[in-house]
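Asker: What follows is a protein structure lacking sequence information:
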């Protein structure tokens, strides 16, 4: 236990902690900050978010025909308000935009109309007019939900068609605004990248540091001997858990500023933008991605430790590890996080990828331990 | 206690040690050979860092590799070069190594205080090691080797970096320790072991050349070592005719110490052979190559 704690302390040296802070500062600025600072990102995203919140408050996690009728009624009331608003603005009446319908179908080439449109939509701006546009889009979506699904089915393969039929039979149509869920998918993907880089950074020196300092002679001739290798791996995995958990708490703390918790109980098939093999709620999807991040974190930790164990010097280690991580993120993690249960990736691909990566990384470290047990410590 | 049985070590086609057989009981053993002769390989095999390609090393009849931690519990080892954490104090460093040696923290603190006193580092026990001289680091190394009060103490070039005073203190410490344990010192510095080793082992051409007491090894050159004063101009020719062991200037002439196995000349003075004479004589080819 004393040795394990000591090895963990060695991993979290003040230099590594500073570097971790620096790298997280850079990556959160480049990747994560946008998903927090600019949520909802302009208009109509803001209106989409507001209407989404209102829909959940009024209709709950599902929307039936009665709910839709109520939604349409709200739209019509707001439409009347908009008409009244435009009627009271003389310049709009004079310009031929006295009703919402005229306003919406304004002529872009008509300078007067264009200036007026720009004024109430962007300069003042009038929330009601933005909301009406979004409500109108959602009503159209709802009305064309079956046609939309059939359109997607045209290019689908047999398994995807089966899933689409399942959704149709269950009446699971994407009728709620997707803005909150799409924001989370982007946020968690960027968090996953940041965490993977952080884990790799923390564990890069784990074996190479003692080896290059020629500490093995003393470590391996002590009672603990070469079993220290296993203790170091354990220390590496515990440190990985600490890094992942700390960063997840930190970044989810930032994410809470987005105020999306009201969407958490909604099944993800209710949100537009994508289709999925399974029907978890938003919250269950968050849990799934968190579990995925832990798995990816441990996989990359084991691989980082393996590289640290076999590379001859730090420069070579960085030279191998960084391109490896970038390639893995670009071609692996992208699908494994952003499309974790997406219908557009074959159902078996993501779980198989996770299993293969986990097995390969475990087998790799076990083989290296077997090598270490018998290796001649020459230098 | 320790038996090295038919041990060979090869790296591919390159043979470092060939068919080595040795037996160690309590006392000080000096492993003497020039650099590159295989001393460190043999030492590392005794420390379980390198496995023999052939043969086995037994402790009380059991293979040391099979004994695993049972053997390492008995072992104290000082490598030729060893690593340390620059920002650690000797106390922190020794506490870490004590933990690796299975010594509890409380017990370790007392042992460390005592050992640092023995190696004259008490006053810097809490100072960072990055500011230490080579000699001080070496003394920390000696202290770590003694942490677990080892029955077998293996020291590879232990006096490297020590000044004459520290060497003397170290030799005294070793003599004290060797009373009830096995101490194996690998060195190419003859004076390190000449006065304290019960037996000296010399390796040549991957095999054991001598394993005997200093007196018996020196006896191999009895009546063959001479000293003579010659003129400086004669030195080159003298070197080609005899195995010159040492040369020094003396009142305008050269005082040479050399080996001659046949009838000596009258002006030559026969002298008692020293271990260094045997070392220089036996390894004359390797030493010339090194020079």
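Answerer: Looks like it came in fine. These numbers were taken from a predicted model, which means no experiment stands behind them.
Asker: Pull up the residues of chain A that are close to chain B.
Answerer: Residues of chain A that fall close to chain B, judged by Cβ under 8 Å from any Cβ of the partner chain: A:2-3, A:6, A:10, A:210, A:213-225, A:227-228, A:374, A:376-378. (Glycine included, C-beta is placed from N, CA and C.)
Asker: Setting aside sequence neighbours, what's the nearest residue to residue A:53?
Answerer: residue A:262 (5.6 Å; Cβ to Cβ, 6 or more residues apart in numbering or on different chains).
Asker: So for that neighbour, what pLDDT did the model give?
Answerer: Residue A:262 is assigned 94 on the pLDDT scale.
Asker: who touches residue 27 in this structure?
Answerer: Because you didn't say which chain, this covers chain A. Residue A:27 is in contact with A:190, A:193, A:194, A:197, counting by Cβ atoms under 8 Å, 6 or more residues apart in numbering or on different chains.
Asker: my question was about chain B
Answerer: Taking Cβ under 8 Å, 6+ apart as the definition of contact, the neighbours of residue B:27 are B:178, B:182, B:183, B:198, B:199.
Asker: again with residue A:205
Answerer: Taking Cβ under 8 Å, 6+ apart, we find residue A:205 in contact with A:11, A:16, A:308, A:314.
Asker: Check residue B:256 too.
Answerer: Residues touching residue B:256, when contacts are defined by Cβ under 8 Å, 6+ apart, comprise B:227, B:228, B:229, B:230, B:235, B:238, B:242, B:244, B:246, B:247.
Asker: so where do the helices sit in the stretch 101-250 of chain B?
Answerer: Taking DSSP state H, counting those that start in this stretch as the criterion, the stretch 101-250 of chain B contains helices spanning B:105-118, B:134-146, B:164-177, B:190-194, B:214-219, B:235-241.
Asker: which residues touch the last one?
Answerer: In other words, helix B:235-241. Applying Cβ under 8 Å, 6+ apart, the external contacts of helix B:235-241 come out as B:230, B:244, B:247, B:254, B:256, B:258.
Asker: Next one, pLDDT for the closest residue to the third one other than its chain neighbours please.
Answerer: It stands for residue B:247. If the residues on either side of it in the chain are set aside, residue B:247 comes closest to residue B:256, at 5.2 Å by Cβ to Cβ, 6+ apart. Looking at residue B:256, its pLDDT reads 92.
Asker: cool, and residue B:235?
Answerer: Model confidence at residue B:235 (pLDDT) stands at 86.
Asker: Quick check: residues of chain B near chain A?
Answerer: Where proximity means Cβ under 8 Å from any Cβ, the interface of chain B facing chain A comprises B:44, B:47-51, B:68-69, B:72-73, B:75, B:77, B:79, B:81-85, B:96-97, B:99-102, B:105, B:144, B:148.
Asker: redo that, cut-off 7 Å
Answerer: Within chain B, the positions near chain A by Cβ under 7 Å from any Cβ of the partner chain are B:44, B:47-51, B:69, B:72-73, B:75, B:77, B:79, B:81-83, B:96-97, B:99-102, B:105, B:144.
Asker: Which of those fall in strands?
Answerer: With DSSP state E as the criterion, strands contain B:75, B:77 from among the residues of chain B next to chain A.
Asker: Just the buried ones from the residues of chain B next to chain A, in PyMOL syntax?
Answerer: Written as a PyMOL command, the selection of buried residues from the residues of chain B next to chain A, which uses 16 or more other Cβ atoms under 10 Å in any protein chain shown, is:
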select buried, chain B and resi 44+47+48+49+50+69+72+73+75+77+79+82+83+96+97+99+100+101+102+144
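Asker: about what we covered before: lowest pLDDT pick from the contacts of residue A:205?
Answerer: Taking pLDDT as the measure, those have their low point at residue A:314 (87).
Asker: can you count the residues close to residue B:22?
Answerer: The number of residues packed near residue B:22 is 19, by other Cβ atoms under 10 Å in any protein chain shown.
Asker: Looking at the contacts of residue A:27, which is nearest chain B?
Answerer: Set against chain B, the nearest of these by Cβ to the nearest Cβ is residue A:197 (25.8 Å).
Asker: circling back to that earlier point, for the contacts of residue B:256, which single residue is the most surrounded?
Answerer: Of the contacts of residue B:256, with other Cβ under 10 Å as the count, residue B:228 tops at 19 neighbours.
Asker: quick one: that residue and chain A, what's the gap?
Answerer: The gap separating residue B:228 from chain A is 45 Å, by Cβ to the nearest Cβ, to the nearest Å.
Asker: Tell me who's in contact with that residue.
Answerer: Under the criterion of Cβ atoms under 7 Å, 6 or more residues apart in numbering or on different chains, the contact list for residue B:228 reads B:256, B:267, B:268, B:269.
Asker: Let me see the contact set for residue A:282.
Answerer: Contacts here follow Cβ under 7 Å, 6+ apart; on that basis residue A:282 touches A:181, A:263, A:264, A:266, A:268.
Asker: Point out where chain B drops to low pLDDT.
Answerer: Scanning chain B with the threshold set as pLDDT under 70 gives B:286-291.
Asker: Can you give me every residue that contacts residue B:90?
Answerer: B:116, B:121, B:124, B:125, B:129, B:140.
Asker: Closest to chain A out of these?
Answerer: Among those, residue B:140 lies closest to chain A (Cβ to the nearest Cβ), at 10.8 Å.
Asker: How many residues are close by the closest one?
Answerer: 27.
Asker: picking that back up, shouldn't the residue nearest to residue B:247 be within a helix?
Answerer: No: per DSSP: H, G, I helix; E, B strand; the rest coil, residue B:256 lies outside any helix segment and is strand.
Asker: picking that back up, of the contacts of residue A:205, select the buried ones using a ChimeraX command.
Answerer: To isolate the buried members of these in ChimeraX, using 16+ other Cβ under 10 Å:
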select /A:11,16,308
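Asker: In helices only, show me the contacts of residue A:205.
Answerer: For the contacts of residue A:205, the ones inside helices are A:11, A:16, A:308, A:314, with DSSP state H as the criterion.
Asker: could the residues you listed be laid out in CSV, adding distance to residue A:345?
Answerer: Converted to CSV, the ones in helices among the contacts of residue A:205 look like this (distance: Cβ to Cβ, whole Å):
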residue, distance to residue A:345
A:11, 35
A:16, 35
A:308, 32
A:314, 37
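Asker: picking up where we left off before, could you export the contacts of residue A:282 as TSV, including secondary structure and neighbour count?
Answerer: Formatted as TSV, these follow (DSSP: H, G, I helix; E, B strand; the rest coil; neighbours: other Cβ atoms under 10 Å in any protein chain shown):
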residue	secondary structure	neighbour count
A:181	helix	23
A:263	helix	27
A:264	coil	16
A:266	coil	22
A:268	helix	27
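Asker: between those residues, which is closest to chain B?
Answerer: Where the contacts of residue A:282 are concerned, and distances follow Cβ to the nearest Cβ, chain B has its nearest neighbour in residue A:264, at 46.4 Å.
Asker: so what's residue A:329 closest to, chain neighbours aside?
Answerer: Nearest-residue entry for residue A:329: residue A:193, 5.6 Å, with adjacent residues in sequence omitted and distances by Cβ to Cβ, 6+ apart.
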